[in-house]
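*Asks:* Build me a structure from this.
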Amino acid sequence: MLGVDTNVIVRFLAIDDDRQTPMAGRFMARAENQPVRIALIVIVEAFWVLTKTKKFPRARVFAAFRDLLQSSQFVIEEAELVALALEQAEATGSDLADALIALLNHHAGCEATATFDADAQRLEHMIAVEARL
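*Replies:* Down below sits the predicted model:
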């Protein structure tokens, strides 16, 4: 199994580079490289790059990430939490990173995650800092 950096996933999903996109596709398709491991930090970075830098619609990126999760071609770190974070971020309009932070902290035994971010406070396991002053 090989892991991939964010730039490989971005090229694979964005199809935005004449030279690197075909290379990313060939890399992913090559049997010797499968399954390809995608770390949590790569998920977070790729989501940010695709939605903020590349300006892809969030719905399109959510769908692409769900496809990655369902494919036997990939092993995604904390896949169940990533799936739940995608669901929660999409439902609340919050950032995927915030949803993952809240879920990872909850999974680690935290009662909640304190934040100043009003959008993140819509997530189930996020609370306003002010609530605990």
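
*Asks:* need the contact list for the residue positioned nearest the centre of the chain.
*Replies:* Residue closest to the average C-alpha location in the chain (C-alpha atoms, centre = their mean): residue 43, at 3.4 Å. Taking C-beta atoms under 8 Å, 6 or more residues apart in numbering as the criterion, residue 43 is in contact with 65, 76, 77, 82, 96, 100. Just so you know, the C-beta spots here come from the backbone N, C-alpha and C atoms, and that holds for glycine as well.

*Asks:* and if you look at residue 56?
*Replies:* Contacts of residue 56 by C-beta under 8 Å, 6+ apart are 14, 50.

*Asks:* Does it belong to a helix, a strand or coil?
*Replies:* Residue 56 falls in the coil class when you classify it by DSSP: H, G, I helix; E, B strand; the rest coil.

*Asks:* With residue 80 instead?
*Replies:* Here residue 80 takes the helix state, with states given by three-state DSSP.

*Asks:* next one: residue 109
*Replies:* Assignment for residue 109 (three-state DSSP): coil.

*Asks:* Can you give me the neighbour number for it?
*Replies:* 6 (other C-beta atoms under 10 Å).

*Asks:* repeat for the one 4 residues further on
*Replies:* Here the number of neighbours of residue 113 (other C-beta under 10 Å) works out to 18.
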